[in-house]
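Asker: Structure for this input, please:
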Amino acid sequence: MPQYFGKLQTTEQPWSTIGSVQSINKIDRTIQFNCTNASLKITILAPNLVRVRMSPTSEFKDRSHSVTLPDEQWEITPFEVRETAEKIEIETSQITISVKRDRTSIECFDKSGKPFACDRESAMGWRTGAIAAWKRIEPDEHFYGFGERTGLLDKLSEVKTNWTTDALDYNSLTDEMYQAIAFYIALTPDRACGIFFNTTFWSQFDIGAETPGVLRMETRDTELDYYIIYGPEPAQILATYTQLTGRMPLPPKWALGYHQCRWSYESEDVVRALAKEFRDRNLPCDVIHLDIDYMRGYRVFTWSPQRFPDPAKLIADLQAEGFKVVTIIDPGVKYEPEAGYEIFDRGVENDYFVRTAEGKLFHGYVWPDKAVFPDFMKPEVRQWWGELHKTLTDIGVAGIWNDMNEPAIAERPFGDGGEHIWFPLDAPQGPPEELSTHAETHNLYGLMMAKACAEGLQKLRSRDRSFVLTRSGFAGVQRYSSVWMGDNQSLWEHLEMSIPMLCNMGLSGVAFVGCDIGGFAGNATAELFARWMQVGMLYPLMRGHSAMTTAQHEPWVFGDRTERICREYINLRYQLLPYIYTLFWEAATTGAPILRPLLYHFAGDRTTYQLYDQVLLGPSLMAAPIYRPGVEHRAVYLPEGTWFDWWTGECYRGPTHILAIAPLEKMPLYARGGGIIAIAPVRQFVGESAIEPLTMRIWPGIGEWTLYEDDGRSFEYEKGVWAKTHYKVYFEGEETIVEIAEREGKFAILEREVIVEVVGIGEQRFTDDGKFRRLTFG
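Answerer: Residues are numbered from 1 along each chain as shown. As a prediction, the model looks like this:
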């Protein structure tokens, strides 16, 4: 068979596997297992969090560029160690870790004795250039997360490689993507766990593809290092995982509005005309993105004097109309010696650019043709790069879009063909005292660029929150940036794939995510664009974007019917902003995703495990979009509980399947019984009116929810200048009771009217004074 495909058979190098336990030592929170041919360390960091490290050389290195919270910064967790002739057991208040002496394999159990994250018989091993662990896949176990992934939701029986790549023209079979996040959640009906593979080198998960029932995680690192997180539900796993790798800061509220982008709005006149169209057509929009053509010859941190002669005035005029401007920045710096390009000159003078192992300045080809690349592993380079944004922020730029940072490099000038390359794997990176190679830091390049940008903007715009967007990143990217799913296509398949892609990102700790509405490459039909805008209303990052050479993709170019549909769903987005902003606060404080697969809230319901085409926006609003042309009906699964049709108020009791009617104007939406959603009036941009009446729409049932508010722009919320109002709904006999707790926090709410609407029953109005209220609905 190999000869049939033109390949000769190969013999894989065998694995050396860890031997038996000879002795153990307990040092503070770590138990070290001294084995016949390796050392194993198990560190207890929290009652549900364990770190596992194995080295065949018994050498363990801690790296300053690690994205995880250092062991010593976790609170001390009590645990008990028990030894028998067969095994060593470590017990916390939530889990038990059992290590068999004869083959040094790890098994984990919850308090009821149910297993999770268990090694198979050959538990850990190594060979030249690789080290790996093998886990047993439990019956009825399903796998989610893995960062940015194409295809559907559950990744069982697939192979997932972690190596940041310019994934141009990706499809449902693409493996390596722009992001590399080696984290997954394993779910069964009665328990769940998470695994974070703590390596920046090339790594790979085989989730039962090669050997059914066995999960292999392999890396080209010199030691094995991973964390086990027990749930028992996804929410607890993500809370611990984002405590480990960091949580997102609250973005400015305007960043939750609609963003319009294209490669490119190539001149000041085009941008002004674009802004005018939005306002004249009453299509809400907060942000206009400028792609690479705003620059002078694609030189970063410059403006084209012909096409953008007065960017400061342009941005000021746009601000007066309620628009914020976001500009793109790439890492490639034009190679231009003795030409007065200060960024290149300063970078060379201070040795800020990546060099080869022989000391030569590395160069490749990107938009400005021959280019060099900053070494973001050096702290001084990150500081310098962050400060360079001053040329943009000084004239009013409110956010930065980081692109091409996998890094994406060609071996020859764009347009001349050639291969995509990256830095030589032996290229040294980082400070001299902790020099690494690109083999170790490749996956960190986009993350470190985003970090440099975010930290720079925080200093340059110290009064106001900034918006940061990145294409590439690594675990922990949520601390610095939002993420979009790169260069998608104007295909129904890519619309369908967008929801599971974003859900798996959310289940990987990255909540502020989006896909290009309408598709970046290719030409959307009017029907596809309308359906995509409906789905895009749900994306945490709601941005329309399209490529050069494609047809225009603004909401009005597809005709009156499509424009009306786009207006209705963009309006709905703006109405939901108080609810969505609260979801962002929840993400920032607990790590919860904003866009959630149904399994997140219904982890015990097997029907949700493969359900990739329905989605929850927060806990209370479920969507069942249409993903195919000509389709105006679809089956919808309603999990346990009471559900209400958003549009008609019709009530259903789950679990059940229903047939939803969905003409082009309608995306099926359902509210959960007991759900509480805050709704604002339609505005053309965030902050258009200082005083906004607030509607609390409540669906009959039992539930509670906390509304979070602050000024939406400054960092005062970090000092307690916020407001939280807790709402509760329940039945008392035949009556529905709504309790509104006394408002907490230092943020002053201007006098406003609050309308409490219990759907299908009635509404009550009052002037909001922040005091406790108990409302009765008959």
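
Asker: Contacts only, for residue 247.
Answerer: Taking CB atoms under 8 Å, 6 or more residues apart in numbering as the contact definition, residue 247 lies against 478-479, 509, 587-591. Heads up, the C-betas are built off the backbone N, CA and C, glycines and all.

Asker: And for residue 36, nearest residue in space, chain neighbours not counted?
Answerer: Distances taken as CB to CB, 6 or more residues apart in numbering put residue 19 closest to residue 36, at 3.2 Å, once the chain neighbours are dropped.

Asker: thinking again about what came up before, mind giving me the ChimeraX select for the contacts of residue 247, buried ones only?
Answerer: Of the contacts of residue 247, the buried ones can be selected in ChimeraX as follows, counting by 16 or more other CB atoms under 10 Å:
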select :478,479,509,587,588,591
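
Asker: what separates the residue nearest to residue 36 from residue 773, distance-wise?
Answerer: Relative to residue 773, residue 19 is positioned 67 Å away (CB to CB, to the nearest Å).

Asker: Tell me which of those two has more neighbours.
Answerer: The neighbour count for residue 19 versus residue 773, taken as other CB atoms under 10 Å, is higher for residue 773 (17 against 13).

Asker: In this structure the more buried one contacts residue 767, no?
Answerer: No - the pair residue 773 and residue 767 does not pass the contact test of CB atoms under 8 Å, sitting 11.0 Å apart.

Asker: So what touches the strand ranked longest in the chain?
Answerer: Among the elements of the chain assigned as strand by DSSP state E, the one spanning the most residues is strand 633-645. By CB under 8 Å, 6+ apart, the surrounding residues in contact with strand 633-645 are 598, 601-602, 605, 607-608, 611, 614, 622, 624, 626, 650-662, 668-674, 699-701, 759-760.

Asker: do the same with stretch 226-241
Answerer: Taking CB under 8 Å, 6+ apart as the rule, stretch 226-241 contacts 45-46, 48-52, 68, 94-95, 97, 108, 110, 116-117, 133, 144, 183, 185, 187, 190-198, 217, 244, 507, 509, 590-593, 599-600, 603.

Asker: where exactly do the helices run in the protein?
Answerer: 234-245, 268-280, 311-320, 342-349, 379-388, 390-393, 438-441, 445-460, 492-506, 526-536, 560-575, 577-590 (DSSP state H).

Asker: Looking at these, which is nearest to residue 618?
Answerer: When those are compared by CB to CB, helix 577-590 sits nearest residue 618, at 4.6 Å.

Asker: Give me the contact list for that closest one.
Answerer: 235, 238-239, 242, 247-251, 253, 256-257, 511-512, 540, 573, 592-594, 617-618, 620-621, 677-680, 686, 694, 705-709, 712.

Asker: mind running it again at 6 Å?
Answerer: Contact partners of helix 577-590, identified using CB atoms under 6 Å, 6 or more residues apart in numbering, comprise 239, 247-248, 250, 253, 256, 511, 592, 594, 618, 677-678, 680, 707-708.

Asker: what mean pLDDT would you report for it?
Answerer: Averaged across helix 577-590, pLDDT comes to 98.

Asker: Next, the angle helix 234-245 makes with it.
Answerer: Helix 577-590 runs at 60 degrees relative to helix 234-245, counting by axes from the mean of the first three to the mean of the last three CA atoms, to 10 degrees.

Asker: Give the residue spans of this structure that score low on pLDDT.
Answerer: Under the criterion pLDDT under 70, the flagged ranges of the chain are 1-9.

Asker: coming back round to it: which parts of the longest strand of the chain count as buried, going by neighbours?
Answerer: 634, 636-639, 641-645.

Asker: okay, those in a markdown table with distance to residue 739 next?
Answerer: Output for the buried residues of strand 633-645, formatted as a markdown table (distance: CB to CB, whole Å):
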| residue | distance to residue 739 |
| --- | --- |
| 634 | 37 |
| 636 | 32 |
| 637 | 32 |
| 638 | 27 |
| 639 | 26 |
| 641 | 21 |
| 642 | 20 |
| 643 | 23 |
| 644 | 21 |
| 645 | 26 |
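
Asker: With respect to residue 274, which of those residues is nearest?
Answerer: Here the nearest of those to residue 274, counting by CB to CB, is residue 634; it sits at 34.5 Å.

Asker: Identify the bridge partners of that closest one.
Answerer: With beta bridges defined as DSSP bridges, residue 634 has these partners: residue 660.

Asker: repeat for the one 4 residues further on
Answerer: The residues listed as beta-bridge partners of residue 638 by DSSP bridges are residue 656.

Asker: what does residue 731 give?
Answerer: Following DSSP bridges, residue 731 is listed with bridge partners residue 736.

Asker: For it, the count of nearby residues, please.
Answerer: 12.

Asker: how far away is it from residue 700?
Answerer: With distances taken as CB to CB, residue 731 is found 8 Å from residue 700.

Asker: ok, now residue 776?
Answerer: For residue 776, the distance to residue 700 (CB to CB) stands at 13 Å.

Asker: Looking at these two now, which is surrounded by more residues?
Answerer: In this comparison of residue 776 against residue 700, neighbours counted by other CB under 10 Å, the higher total goes to residue 700 at 20 against 10.

Asker: which residues touch that one?
Answerer: Residue 700 sits in contact with residue 736, where contact means CB under 6 Å, 6+ apart.

Asker: can you check residue 399 too?
Answerer: Under the contact definition (CB under 6 Å, 6+ apart), the residues listed for residue 399 are 326, 466-467.
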